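**Student:** sequence and predicted model, in that order:
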Amino acid sequence: MTNVIRSEVMAEKAISVRLDAEAQHALELLVRDGTSQSEAIRSALIAASRAARYERMAADAKRLANDPQDRALIAEIRDFFDEP
């Protein structure tokens, strides 16, 4: 069974979402405390966006930490500021 949830993301923009069984169950868990479906969906989108941003930042940090040129530049800057 496919459920269709209409959620207002912004006052002037409504979207339709088709939920599979797993997503429907997740939404049911999110609204058990009285949170509206719209608010649960908005909060989940924001949380997912934050998680994706943190993952990208962590990947960038790892890439920079493993970049020999970047590490050399950091070493030069440290040496510059460590000298009297």
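**Tutor:** Sure thing, it's come through. Residues are numbered from 1 along each chain as shown.
**Student:** phi, psi for Ala59 please.
**Tutor:** Note on Ala59: backbone dihedrals following degrees, to the nearest 10 are phi -60, psi -40.
**Student:** separation between it and Ala47?
**Tutor:** Going from Ala59 to Ala47 by Cβ to Cβ, to the nearest Å gives 19 Å. C-beta: built from backbone N, CA, C; applies to glycine.
**Student:** over to Phe81?
**Tutor:** Phe81 is 39 Å from Ala47, where distance means Cβ to Cβ.
**Student:** Asp70 too?
**Tutor:** 31 Å.
**Student:** ok, back up a step: more neighbours: Phe81 and Ala47, which one.
**Tutor:** With neighbours defined as other Cβ atoms under 10 Å, Phe81 and Ala47 compare such that Ala47 has more, 10 against 7.
**Student:** list the buried residues for the helix or strand encompassing that one?
**Tutor:** Using DSSP states H and E, Ala47 sits within helix 37-65. In terms of neighbour count (16 or more other Cβ atoms under 10 Å), helix 37-65 has its buried residues at 40-42.
**Student:** which of those sits closest to Leu64?
**Tutor:** Set against Leu64, the nearest of these by Cβ to Cβ is Arg42 (33.1 Å).
**Student:** from Gln24, how far out is the closest one?
**Tutor:** 17 Å.
**Student:** Thr35 now?
**Tutor:** For Thr35 relative to Gln24 (Cβ to Cβ), the value is 15 Å.
**Student:** how about Asp60?
**Tutor:** Taking Cβ to Cβ, one finds Asp60 at 35 Å from Gln24.
**Student:** doesn't Ile15 lie inside a strand?
**Tutor:** Yes: counting by DSSP: H, G, I helix; E, B strand; the rest coil, Ile15 is part of a strand.
**Student:** need phi/psi at Arg18.
**Tutor:** phi -100, psi 120.
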